[in-house]
Each structure stands twice: as structure tokens, then as C-alpha cells.
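K.L.:
Show me the folded form of this:
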Amino acid sequence: MYRSALLKCIIVLLCLACTQAPPGRKLASGLARGLIARDGAVAFLLDASHPDDPAVPDDLLSGDLWLDDRKAGSGVSMQEGTYAFSPRGSELAFLARWRFREGEGELWVTSSGGAPRQVAKAARAFAWSPRGELAFVGRDLLGFGERTVALSGVQGVAWSPDGSRIAARASAAAGGTLWAVDPQSGSAREMAIATSDFAFAPDGALAALGAPPPKGGDRPLLIDGVRVAAATAFAFSPDGRELALLSTGRQPGEASGDLFRLARPSGAPRLVASRVVEWRWGAAGDLLCLARYDARARAGTLTAAAPGGTAAEIAGKVQSFSVSGRRVLYLVQAPEKGDFKLELWGVDLSTPRLEPRRFDEGVYGWTLSPDGATLYYKARCAGGPRSCSLLRAPFGGGAPEVLAADVSGFDLSRDGKRILVQQPHRGSARAVDLAVISAAGAAAGRVKPFVEEVDPSSRFADDSGRRVVYAIVAARKGGVFLADLP
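P.N.:
Residues are numbered from 1 along each chain as shown. Purely as a prediction, here's the structure:
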């Protein structure tokens, strides 16, 4: 009798545990992909599948697009750029009923609580301006506001950072013509032909690489239609006063080249480093690169050129690097007997003497706090990146401490105060369990999840880390949820 009653109690408790609703508000049922979030709003694709067309590659899927808890459109592709929030997050633009063969769909705009509004019946791409204005390209036309401009073969579109100009580029098959368009008057000016790349400077100047020479190598670099140099690739500095130029003129077709700095508007190129394959600007105007790159070892010498200064070598055998302000983090190949191990190092370029610091080895991912003072990273893993320790270390010096164990991934909130921790779900090769911990608090060690068996695409949906969007992948509980956490 006693055993029977105890067994019934256990069964009831197990049933309650199985039927307990996940935390937060359920937005939709089904398998979700492509989660994006902005200012508390969430967009995602539901039940994406391959179109009924054998000519479409197997990895291209389309599905229903949802905004928060309502369906916004159908036939939206998983390709990048097919849906995006406006800069302020108040509106969502998307390409519905996407036709893979034609490379176009219907352009719609919607907002939370508002009905979707069709902008164009046929669009290939779209772009938001910094002020929230929408431009798109369709069949031989550029559209913005209530105006359209005829442009033959146009395929790509971008706004200048100040929103005063629009760049539109034709496909390579149509000649690769680049136009600059004034959204006030609707006038279009041809800037270059046979372009391979283009970009706006912060002041609105439009740069492009023109037609290639007969034997390949560097293309002419034009700024607002005027040739200023030749390069294979280029990028404006954050303040727009300089250009970084990668030249392969000496060895056309090579993956590496010489990296130069060019001051605007009429400076002479200054060599930074040779045999460069990876390079980027820092926010303070530092130009960093991997020089003397060894393709077999997949590593090079990390080199930094400060504004107005000469290039300085920081470390050799560097595999990759990232920049946050003037603080640089990089992976070094440290030799071992017959092999090497990867070590995470960092250096502050603002210090008078560059003093690199070793943080840890076997690091699989890292991020800096918004002020750059604290480093969060995954290391000390058990058999791979899916089960690691989450550690915190002062960038300027000090021993690291373990914040959580058995971590597969993490997301630092934009204000740097909270961390969304993903832990591997037992018995699953992909699913994770979620927990939220304080970024500045005491070490949590093993943390208690607030939800289990979710997709790794989970993330914070707001800047303060109080709202989390996640998708459950369990067969009977599948769906997308938005949870407000204390």
C-alpha cells in the first residue's frame, strides 16, 4: 500500500516536471532559425525548408518570418541580408516569396503591432540608412522613398554613413558600373566601371576599385571618380582621413601583398608591412596586420602602425587577432615537441612600451568588457570547445578566475553587466541549457539553468541582459520564447 502510494507520487512529480512550461512568453511553435534581436524585438524564421527546385543548393532554405509573436511573411530565405531591423529597431524590412532562380522577392516593411506594408513587388536587395530610410534595388532600378531611378543591371545598394548619398552597383555580368545617387534630387552619377569593391568614407566620399589591368594585380582606386592610387583591396580609417591599401602588383594573383597607409586627400603611400594576408583598422587609427605570412603554418607576424608612427612588430607565429579600442588580443602558436599549442595574448597599444601579456592556452573564444578592462574567455576544455570553463581576467594584469564550469558558449550583454551562459545538454550533440550570471559578481562555479535543451542561437534581446530569446529544440516542446529575467 505504502509502496503503491509512493510510486503514484513519483509518477505525478515526473509528469509535472515534463509538462512544466518553459519560462517566458511563447512566441511561436516549431523549429526556429536565424534569430536576430534589436531593442527587445525579435525576428526569426520558422520551419525553414528547401524549395521544391533541384537546381537550388541543398543548404539554401526558406521559411516563414516572424516578428515577436506574429507571422510577418512567407518564403523568406535564410541567406544573409534578406531581413533586417532598422537602426533604431522600430521596423523590420524583409524579402518575402524569394525566388532563388531570379534572385529577387517582394520587399515588405513591418513593425511590432503594425500590419506589414509592401514596398516593392520585385527587389534584389535593400539597405537601411542611419536615419531609418529604406533603399532597394529591383529590375534595372533603384528605389528610395517615393522615387525610383533607372539603373541598368543594378544589384547592390548601400547608404553613406551620414545618409546623404546612396551607392548602387551593377552586377559583374552587367558591367559592374557604380553610381552615386543623391536621394534629395534623384540624380545619379557614374563613378566607375567594372568595379570589384566599393566603400563610403565617414565624410560621405565614395571609393571604388575599377577595371583590372590585362595581367591582373592592382586595380585603379578612385574616390568620387578621381584616381588616387592602385590596390587589390582597401579600407578607410575610422576617421576617414587615411586609407589602407593592399597591393599585389609585384605578384598578381597572390593571396598576400604589401600593405600601405595613404593619407587623404593627396598623401603618398607609406609601406607598413609585406606578405600581408589579414589586416584591419583599430578605432584609434592603428593599422594592424599579419605580415610575413606563412601559408603552411597559417601564421604571421603581428604588426601595428600607430597614427603618424612607424610599424612595430608585436609577436611572431600569430594565427589570428582582434582589436577593441587600442587593446589587441591574439592567438600565438607556441611550439611543443612535434607540434604546437595555441596561447591567447594581449597588448595595450596606448602604453609607452608595448608589453604583451599571456592570458591562457587552449582558448576557444573571448570578448572584452565595454570599457576594455576585463577579459572573458573560454579555456581549459575537456576534449573540445563544447565543454570548457568560462574565465574572467583583468586585462592590465592579475590572475584569471573561473566564473562557470562546463560551458559551450556565452554572450556578454552590451552594457557588460550580465553573461548568458550556454552549457551542453546531456545526451545531445548540439542542444544547450541556459543560465544568466553576473559579469562582475563572485565566481558561480556550476550554475543552475533556467531552461534546458535549447538551440545555441539563443541571445540577449536587450542591452541590459534582462531579456533573453531562445528556441527549444525538444520534440514536444519546440518553439521560440522571450523571457524577462530578474
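K.L.:
Identify all contacting residues around whatever helix or strand residue 260 lives in.
P.N.:
Assigned by DSSP states H and E, residue 260 belongs to strand 257-263. For strand 257-263, the external contacting residues (Cβ atoms under 8 Å, 6 or more residues apart in numbering) are 228-229, 231-232, 241-251, 268-276, 279, 287, 289, 291, 305. Just so you know, the C-beta spots here come from the backbone N, C-alpha and C atoms, and that holds for glycine as well.
K.L.:
Just say helix, strand or coil for residue 121.
P.N.:
strand (DSSP: H, G, I helix; E, B strand; the rest coil).
K.L.:
And it, how far from residue 100?
P.N.:
17 Å (Cβ to Cβ, to the nearest Å).
K.L.:
More neighbours: which of those two?
P.N.:
Set residue 121 next to residue 100 and count neighbours by other Cβ atoms under 10 Å: residue 100 wins out with 17 against 12.
K.L.:
before we move on, back to that, quick one: the strand holding residue 260 to chain centroid distance?
P.N.:
With Cα atoms, centre = their mean, to the nearest Å as the basis, strand 257-263 stands 26 Å off its chain's centre.
K.L.:
same deal with stretch 95-108?
P.N.:
In terms of Cα atoms, centre = their mean, the centre of stretch 95-108 is found 23 Å from the chain centre.
K.L.:
in that stretch, what counts as buried?
P.N.:
95-100, 104-108 (16 or more other Cβ atoms under 10 Å).
K.L.:
what sits against the residue lying closest to residue 62 once chain neighbours are set aside?
P.N.:
Nearest residue to residue 62, sequence neighbours excluded (Cβ to Cβ, 6 or more residues apart in numbering): residue 77, at 4.8 Å. For residue 77, the contact set (Cβ under 8 Å, 6+ apart) comprises 60-62, 95, 98, 100, 105.
K.L.:
closest to residue 183 among the residues you listed?
P.N.:
In terms of Cβ to Cβ, no member of the contacts of residue 77 lies closer to residue 183 than residue 95, at 21.0 Å.
K.L.:
I'd say the closest one and residue 76 touch.
P.N.:
Yes. Shown here, residue 95 and residue 76 form a contact pair, counting by Cβ atoms under 8 Å, at 6.6 Å.
K.L.:
which residues do these two both contact?
P.N.:
82-83, 105.
K.L.:
Take those residues and write them to a markdown table, including pLDDT and distance to residue 338.
P.N.:
Shown next, in a markdown table, are those (pLDDT from 0 to 100; distance: Cβ to Cβ, whole Å):
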| residue | pLDDT | distance to residue 338 |
| --- | --- | --- |
| 82 | 97 | 47 |
| 83 | 98 | 49 |
| 105 | 97 | 53 |
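K.L.:
same question for the longest strand along the chain, mean pLDDT?
P.N.:
Longest strand in the chain by number of residues, with DSSP state E as the criterion: strand 311-324. The pLDDT scores in strand 311-324 average 95.
K.L.:
Each with direction, which strands does that strand pair with?
P.N.:
Strand pairing for strand 311-324, determined by DSSP bridges: strand 299-305 (antiparallel), strand 327-336 (antiparallel).
K.L.:
Taking strand 257-263 as reference, get the angle to that strand.
P.N.:
80 degrees (axes from the mean of the first three to the mean of the last three Cα atoms, to 10 degrees).
K.L.:
Next, name the residue at the spatial heart of the chain.
P.N.:
Centroid-nearest residue in the chain: residue 80, 10.5 Å away (criterion: Cα atoms, centre = their mean).
K.L.:
Can you classify that one by secondary structure?
P.N.:
coil.
K.L.:
if we can go back for a sec, just the buried ones out of the contacts of strand 257-263, please.
P.N.:
228-229, 231-232, 241-248, 269, 272-276, 279, 287, 289, 291, 305.
K.L.:
The residues you listed in strands, which ones?
P.N.:
In strands, judged by DSSP E, the following of these are found: 228-229, 231, 242-247, 272-276, 279, 287, 289, 291, 305.
K.L.:
What residues does residue 470 make contact with?
P.N.:
24, 434, 451, 454-455, 458, 480-481, 483.
K.L.:
Identify the spatial nearest neighbour of it, chain neighbours not counted.
P.N.:
residue 458 (3.8 Å).
K.L.:
and the one you found, how many neighbours?
P.N.:
By other Cβ under 10 Å, 23 other residues sit near residue 458.
K.L.:
Correct me if wrong: it contacts residue 425.
P.N.:
No. Judged on Cβ under 8 Å, residue 458 makes no contact with residue 425 at a distance of 12.0 Å.
K.L.:
where do the contact lists of those two overlap?
P.N.:
Both residue 458 and residue 425 are in contact with residue 432, where contact means Cβ under 8 Å, 6+ apart.
K.L.:
which strand residues sit across from the closest residue in space to residue 248 that isn't next to it in sequence in the sheet?
P.N.:
Leaving aside its sequence neighbours, residue 248 sits nearest to residue 257 (Cβ to Cβ, 6+ apart; 4.0 Å). Beta bridges link residue 257 to residue 276, judged by DSSP bridges.
K.L.:
Please report how far residue 257 lies from residue 65.
P.N.:
For residue 257 relative to residue 65 (Cβ to Cβ), the value is 41 Å.
K.L.:
One more: residue 377?
P.N.:
According to Cβ to Cβ, residue 377 and residue 65 sit 35 Å apart.
K.L.:
The two - which one has more neighbours?
P.N.:
With neighbours defined as other Cβ under 10 Å, residue 377 and residue 65 compare such that residue 65 has more, 27 against 22.
K.L.:
Generate JSON lines for the strands paired with strand 311-324, with mean pLDDT and distance to residue 397 as supplementary columns.
P.N.:
Below are these laid out as JSON lines (pLDDT from 0 to 100; distance: least, Cβ to Cβ, whole Å):
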{"stretch": "strand 299-305", "mean pLDDT": "97", "distance to residue 397": "20"}
{"stretch": "strand 327-336", "mean pLDDT": "94", "distance to residue 397": "13"}
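K.L.:
and among these, the most buried is which?
P.N.:
Highest mean neighbour count among the strands paired with strand 311-324 (mean count of other Cβ atoms under 10 Å): strand 299-305, with a mean of 23.
K.L.:
now that strand and strand 270-276, what's the angle there?
P.N.:
Using the same axes, to 10 degrees: strand 299-305 against strand 270-276 is 170 degrees.
K.L.:
for the nearest residue to residue 65 once chain neighbours are set aside, helix, strand, or coil?
P.N.:
Nearest residue to residue 65 in three dimensions, chain neighbours excluded: residue 76, at 4.2 Å (Cβ to Cβ, 6+ apart). When classified by three-state DSSP, residue 76 comes out as strand.
K.L.:
gap between the two ends of stretch 371-389?
P.N.:
End-to-end distance for stretch 371-389: 23 Å, by Cα to Cα, to the nearest Å.
K.L.:
again with stretch 185-200
P.N.:
For stretch 185-200, the end-to-end distance is 20 Å (Cα to Cα).
K.L.:
same question, stretch 279-290
P.N.:
From start residue to end residue, stretch 279-290 stretches across 6 Å - Cα to Cα.
K.L.:
Which secondary structure element of the protein has the lowest mean pLDDT?
P.N.:
Ranking every helix and strand in the chain by mean pLDDT, DSSP states H and E puts helix 2-19 at the bottom, with a mean of 42.
K.L.:
Contacts only, for residue 187.
P.N.:
residue 181.
K.L.:
what's the neighbour count on residue 294?
P.N.:
Neighbours of residue 294 using other Cβ under 10 Å come to 15.
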